[in-house]
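Enquirer: here is my input, please return the structure:
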Amino acid sequence: MLPGVSLTHPLTRVVLTSASGRINQTMLKVGLTGSIAVGKSFVLSVLSELGCHVIDADKIAREVVEPGSEGWKSLRDYFGESVLSEDGTLDRSALGAIIFGDEEKRTKLNAILHPLIIAAQDKLIRELEMKDPAGIVIIDAALMIESGGYRRLDKLIVVHCRPEIQLQRLMIRNGLSREEAEQRIASQMPQEEKKKYADFLIDTSGDFEDTRAQVLCVYEELKKITT
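Expert: Here you go, the predicted model:
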């Protein structure tokens with residue numbers, strides 16, 4: 001086990017027993033989460049390189065709010081036309097400015113979108129499982145713990161880093177002032193709280209190679225479950 005990797009719960013093999021008594025292995029469903037700007041995307045890319053199927057929550061989140069969709073209509077009705085761009089698409093910047101400073105509206109946003117996102121994820125998982133029942137699928141979602149979505153999965157990876165590194169990354173990535181970045185971080189569940197839910201912890205405070213080595217270690221542990 002590498003120093004940066006923490007295995008917090010014992011491994012279990014995921015199996016189903018058919019009516020005939022035959023043991024059929026099912027696809028291992030693994031959640032990947034972490035706070036804003038902790039390097040989650042890099043971890044996901046490495047897992048993809050290693051052969052895991054990946055489901056990008058950001059992509060699904062965009063799809064469920066496409067103009068005319070159920071999600072789009074619900075957001076327009078609740079938040080008003082101010083969250084729409086001239087072409088009718090969702091203006092994420094405008095919406096973000098509203099919810100980051102208002103817990104009630106942020107909660108409402110999650111209540112609207114999470115059921116739609118989970119339904120879309122589950123559909124993709126079923127399709128992947130039909131093709132590769134012995135494989136590993138990684139479901140990436142920033143609010144997986146907050147939404148309770150992690151409960152339907154087999155294992156959970158939490159990505160984290162030192163707070164000062166998270167703050168610097170967010171300021172650089174999003175072009176935010178220190179105050180703005182701190183506000184966005186404060187609006188989320190603290191990293192230390194998220195870590196309590198993890199089966200695996202990956203610390204991205206170091207360089208890319210250090211993180212890659214940790215991901216490889218976690219991948220090897222996941223493979224043990226599927227064999």
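
Enquirer: tell me where the chain has strands.
Expert: Counting by DSSP state E, the chain has strands at residues 5-7, 15-17, 23-25, 28-34, 53-56, 136-140, 155-160, 200-203.

Enquirer: of these, which shows the lowest average pLDDT?
Expert: Among those, strand 15-17 carries the lowest mean pLDDT, a mean of 36.

Enquirer: and the residue nearest the centre of this protein?
Expert: A141 (1.7 Å; Cα atoms, centre = their mean).

Enquirer: for the chain, which segments count as helices?
Expert: Ranges of helices in the chain, per DSSP state H, are 40-49, 57-63, 70-79, 92-99, 103-131, 144-147, 163-174, 178-186, 191-195, 208-226.

Enquirer: so which elements touch the shortest one?
Expert: Here helix 144-147 touches strand 28-34, helix 103-131, going by 3 or more Cβ pairs under 8 Å, 6 or more residues apart in numbering; DSSP states H and E. Placement of C-beta: from N, CA and C, glycine included.

Enquirer: out of the ones you listed, which gets nearest to K223?
Expert: strand 28-34 (9.0 Å; Cβ to Cβ).

Enquirer: what lies in contact with that closest one?
Expert: Residues from elsewhere that reach strand 28-34 (Cβ atoms under 8 Å, 6 or more residues apart in numbering): 14, 40, 43-44, 47, 52, 125, 135-145, 149-150, 152-160, 191, 194, 222, 225-226.

Enquirer: selecting buried members of the residues you listed in PyMOL, what would you type?
Expert: Filtering those down to the buried ones (16 or more other Cβ atoms under 10 Å) takes a single PyMOL command:
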select buried, resi 40+43+44+47+52+125+135+136+137+138+139+140+141+142+143+144+145+149+150+153+154+155+156+157+158+159+160+191+194+222+225
